[in-house]
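**Q** test case, fold it:
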Amino acid sequence: MGYYSSIAKGYNSLHKEEQLRKLEIIAKYITPKAPLLDIGAGTGISTSFFKVKAIALEPSREMIKNYKGEKVIAKAESIPFPDKSFNTIISITALHHADIEKAIKEIKRVSNDGCIYAFTILKKAANAVEIKEKLKKAFNLKEVDEDEKDYILISKI
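**A** A predicted model of the protein is given here:
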């Protein structure tokens, strides 16, 4: 996490507008239900966006330290919550950093029945198409083609 720790102070000025654009697209398709888990929450931009009880999960202490809400230092591959803890799980441009097989297993474990999902995957990531296809299959997601930088995957409603 060295890179993200090194850019933590300037992350919002670099990426906040882009993150908010993705979240606006997602908000057209889903209405999150509490509790929400934001995987790879960064500085908490997406965790704060939806006005529901939410927990930011982020491996970089530097990235998440200024987020004022509930937060946990952890990775997608090892989510420190009991089974069936969340009604909504989002991850905005973070899962390409994870071991996707382990992350999917953990996301499924902490998802309540009827969990709502929204994930974005950086298109230029080396394994983006593979991750996208695995997520679509694992969570029965549909792809929304409204962003040039990321694949946007959401729950079918």
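
**Q** tell me which helix or strand the closest residue to residue 92 other than its chain neighbours sits in.
**A** Nearest-residue entry for residue 92: residue 46, 4.5 Å, with adjacent residues in sequence omitted and distances by C-beta to C-beta, 6 or more residues apart in numbering. No exception for glycine: its C-beta is placed from N, CA and C like everyone else's. For residue 46, the element it lies in under DSSP states H and E is helix 45-49.

**Q** how much space between the closest residue to residue 53 other than its chain neighbours and residue 89?
**A** Once flanking residues are discounted, residue 53 sits nearest to residue 34: 4.0 Å by C-beta to C-beta, 6+ apart. Computed as C-beta to C-beta, to the nearest Å, the residue 34 to residue 89 distance reads 12 Å.

**Q** neighbour-wise, which of the two wins?
**A** Higher neighbour count among residue 34 and residue 89: residue 89, with 27 against 13, using other C-beta atoms under 10 Å.

**Q** which helices and strands sit right next to the one helix or strand that one maps to?
**A** Assessed by DSSP H and E, residue 89 sits inside strand 86-92. The elements that strand 86-92 packs onto, with contact taken as 3 or more C-beta pairs under 8 Å, 6 or more residues apart in numbering; DSSP states H and E, are helix 11-27, strand 36-39, helix 45-49, helix 100-110, strand 111-122.
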